[in-house]
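> Pasting the sequence and the predicted model now:
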Amino acid sequence: MTAIVGLVFGHKLGYQRGFHSMQNETKQAMINSTEATRELEKLSLSHKIATNQASTAKQELAISLANLNELRKSQQTLTVENRQLSQLNELYADIVSDEGGMPLQVIGAEIKPLPENAFEYGFDVGMLSSDGKAKRLTPTLTLLDDDDLVEVPLDPAVYTIEGITRIRGRFTMPSGFKPLQVKLSLQAGGQKVEQLYNWTLGASVDGMPLSLLDLPKVDESPIEP
């Protein structure tokens, strides 16, 4: 009787151990399956993101190529128009030269305030000699008050003029000096011109940087008379 009970008890104990072992293995398998599913979902999401990024990149590339093509076409059109305008200007210049040329004159002038007591000057000067050749142009810019004068150093100090020359640059006002007038003197091809301007400052320029280091390059745009 003891042997039979022991056998049954041992069988039951072995069965329970095996059952619990199978339960643990099943749970672990389920955990592993869940983790694998999550990893698969992550991979699927990563694949979708990568696919979307690739699609977006292709679209951006197509847009960039289209914009580049339009830019090239616009550049080609602008180049042709500039050549046509240059050809027309040369024709007009020849006609003006044949009729005695265009005298030395100031076409446009302006002085703009900058940060740190600095100023930007711009003068558009026109001249066509009767022989149709370029001439050496020497400008002098002078600041005047009631008693004193200050000559502004120009860079470059000498220009070449054959049609229109743009004189551009910047200077710092001497400490304590308050000009009342500005005088521009020009010499070219045996001609001399002096132009006197009253020193007046307009309203502050919108969006002006606080430092000279942050300023863009000098504006080369034509000056409106």
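Noted; the coordinates are in hand.

> which strand is the longest one in this protein?
Of all the elements of type strand in the chain, the one with the most residues (DSSP state E) is strand 102-114.

> show me where the chain has helices.
Shown for the chain, the helices assigned by DSSP state H span residues 2-98.

> domain parsing for this structure?
Domain segmentation of the chain under automatic domain parsing yields 1-99, 102-214.

> so where's the protein shaky on pLDDT?
Segments of the chain classed as low confidence (criterion: pLDDT under 70) are 1-33, 88, 201-214, 225.

> For beta bridges, what are the partners of residue 163?
residue 127 (DSSP bridges).

> my read: it touches residue 92, true?
No - proximity of residue 163 to residue 92 does not meet the contact threshold set by CB atoms under 8 Å, at 9.2 Å. Yep, even glycine has a C-beta here, placed from its N, CA and C like the rest.

> picking that back up, I'd like the distance from the longest strand of the chain to the chain centre, please.
Using CA atoms, centre = their mean, to the nearest Å, we find the averaged C-alpha position of strand 102-114 to lie 27 Å away from the chain's own average C-alpha position.

> Just the buried positions in that strand, please.
Of the residues in strand 102-114, those scored as buried under the neighbour-count criterion (16 or more other CB atoms under 10 Å) are 102, 104, 106-109, 111, 114.

> mind giving me TSV with those residues and columns for distance to residue 145?
Listed next are those as TSV, based on distance: CB to CB, whole Å:
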residue	distance to residue 145
102	34
104	27
106	22
107	27
108	25
109	19
111	15
114	20
